[in-house]
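Chemist: Sharing a model that was predicted from the sequence below.
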Amino acid sequence: MTKKRALITGISGQDGAYLAKLLLKKGYFVVGGERQNASGSAWRLKELGIEDKVKIVPFELLEENNIIDVIRSGKFDEIYNLAAQSFVGNSYSSPIFTSNVNALGVTRILEAIRHFSKKTKFYQASTSEMYGNSKSGRQNEFTPLQPVSPYAISKLYAHWMVNMYRDAYDIFCCSGILFNHESPLRGNEFVTKKIIKDLARVKYNELSNLTLGNVYSKRDWGYSEDYVGAMWMMLQQKKANDFVISSGKTYTVKEFVNKAAKYYGFDLIWQGKGINEKAIDKNSNKIVVKIDKKYFRPTEVNFLYGNSDKAKKILKWSPKTNINQLIKKMCDYEISRFK
Ligand code: NDP
Ligand code: GDP
């Protein structure tokens, strides 16, 4: 039997690496799109021991001709678009770049599929950030989308384009509305990785304290390796559909800090308010966490809390890894780097 062929854009990112591992295990021929001037980052594929098992091709979301070439010649059964300017924080300083990559980049892919590869199934990485501060409890596929950052607005454009191409051109394309998902391979700029990496550095005397912004926002954090499984399941359905993928639990950033700190053996006590708030380790009396206003965002998503009942019912998907198991995986990875 011929192998299924999949293109993963953003193969050098967190989800790209875990998805490549999953598809290889399922017997796919995996092609990974990597942009020119990439972050030099086969490191995640190396960490998973699969760097020699995927074919890497140049793929730049800003380059229409490059996208057409890759998609026309690739004869892919499935394309997973994971490439993006994915950091909300940077989207405020680069709103135009973020829109060009995350919004128009997706239209470039959809147009290439429409004209040159109509049978290819397409997955788009949508995001819970699109909910913004919509006034509802747990967020599902029917919750109004009210994005508040350039990142979320760019992703919302792509989300609706996918919807439109599905209806107008009968293309199998769908969006996974994924809530925050983390792993030892998460980018350093995201809050979970920053917390876990910097607390390890404090523990091993490489850094004096962890410095954060708003510790009162709530996030629904899951494990990346669980979530890429849902992406694959979406493309195996008879009908293209959008799904919310979440852990169904929500915690403040501060609660995440406390859990990670406890795992490392700190006993934190919080004092003060606003930017004067800090966390002191009762054992050593050292200030372990400080607040700095430079990490606050111009607009904030205060509360994310997903409801994945639809994925559970139709995809038979549910998360396998809870927050404590996730924190353990991430902390153990950092500790192993010091040993
Ligand atoms: P990462 O930031 O780890 O990976 C993003 C990937 O996109 C990297 O491979 C990056 O390449 C690539 N990329 C960036 N710009 C371009 C470009 N112009 N052309 C081609 N490739 C580009 O993200 P994640 O793996 O965490 O997330 C995967 C996707 O899921 C993203 O689209 C993200 O927005 C979305 N998402 C993620 C969530 C999460 O919690 N992780 C939640 C919801 C959605 P390079 O290595 O060179 O920078
Ligand atoms: P996001 O949900 O995609 O924005 O994921 P992040 O991991 O970047 O941020 C999650 C939350 O942590 C947001 O509410 C941030 O404002 C908050 N946060 C607090 N301090 C920091 C920090 O130092 N870095 C980051 N990235 N986020 C922080």
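Modeler: Great, that's in hand. Ligands and ions are numbered 1, 2, ... in the order given.
Chemist: just for the protein, where's the confidence low?
Modeler: Low-confidence segments of the chain (pLDDT under 70): 37-41.
Chemist: which parts of it sit against ligand 2?
Modeler: Near ligand 2, the residues belonging to the chain are 88-89, 129, 180, 189-191, 194, 212-215, 217, 219, 253, 295, 297, 300 when assessed by CB under 6 Å from any ligand atom. To be clear about C-beta, it is placed using only N, CA and C from the backbone, and glycine gets the same treatment.
Chemist: again, 5 Å this time
Modeler: Contact residues, the chain versus ligand 2 (CB under 5 Å from any ligand atom): Val88, Phe190, Val191, Leu212, Gly213, Asn214, Ser217, Val253, Tyr295.
Chemist: Throw together a PyMOL command that grabs the buried residues out of the residues you listed.
Modeler: Of the residues of the chain next to ligand 2, the buried ones go into a single PyMOL selection, burial set by 16 or more other CB atoms under 10 Å:
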select buried, resi 88+190+191+212+213+214+217+253
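Chemist: pretty sure Arg114 contacts Ile171?
Modeler: Yes - counting by CB atoms under 8 Å, Arg114 does reach Ile171; the two are 6.4 Å apart.
Chemist: Compare neighbour counts for the two and give me the winner.
Modeler: Between Arg114 and Ile171, counted using other CB atoms under 10 Å, the more crowded position is Ile171 (21 against 16).
Chemist: Please give me every residue in contact with Glu60.
Modeler: Arg35, Gln36, Asn66, Ile67 (CB atoms under 8 Å, 6 or more residues apart in numbering).
Chemist: Run through those residues and flag the ones next to ligand 1.
Modeler: Arg35.
Chemist: Ile196 belongs to a strand, doesn't it?
Modeler: No - Ile196 is assigned helix when assessed by DSSP: H, G, I helix; E, B strand; the rest coil, not a strand.
Chemist: Run a quick neighbour tally on it.
Modeler: Per other CB under 10 Å, the neighbour tally for Ile196 reads 29.
Chemist: got it, and Ile287?
Modeler: So Ile287, with other CB under 10 Å, has 15 neighbours.
Chemist: is it true that it touches Gly272?
Modeler: No - the criterion here is CB under 8 Å, and Ile287 misses it with Gly272 at 10.4 Å.
Chemist: shared neighbours of these two, anything?
Modeler: By CB under 8 Å, 6+ apart, the residues touching both Ile287 and Gly272 are Lys278.
Chemist: And the residue of the stretch 201-339 of the chain found nearest ligand 1, how close does it get to Asp242?
Modeler: Among the residues of the stretch 201-339 of the chain, Ser224 lies closest to ligand 1, at 6.5 Å counting by CB to the nearest ligand atom. Shown here: Ser224 relative to Asp242, a distance of 20 Å by CB to CB, to the nearest Å.
Chemist: Mind checking which of the residues of the chain next to ligand 2 are in helices?
Modeler: The helices, defined by DSSP state H, take in Val88, Val191, Val253 from these.
Chemist: Around ligand 1, pick out the residues from the protein.
Modeler: Counting by CB under 5 Å from any ligand atom, the residues of the chain that sit close to ligand 1 are 10, 12-15, 35, 38-39, 41, 60-61, 82-84, 86, 101, 125, 127, 178, 180-181, 187.
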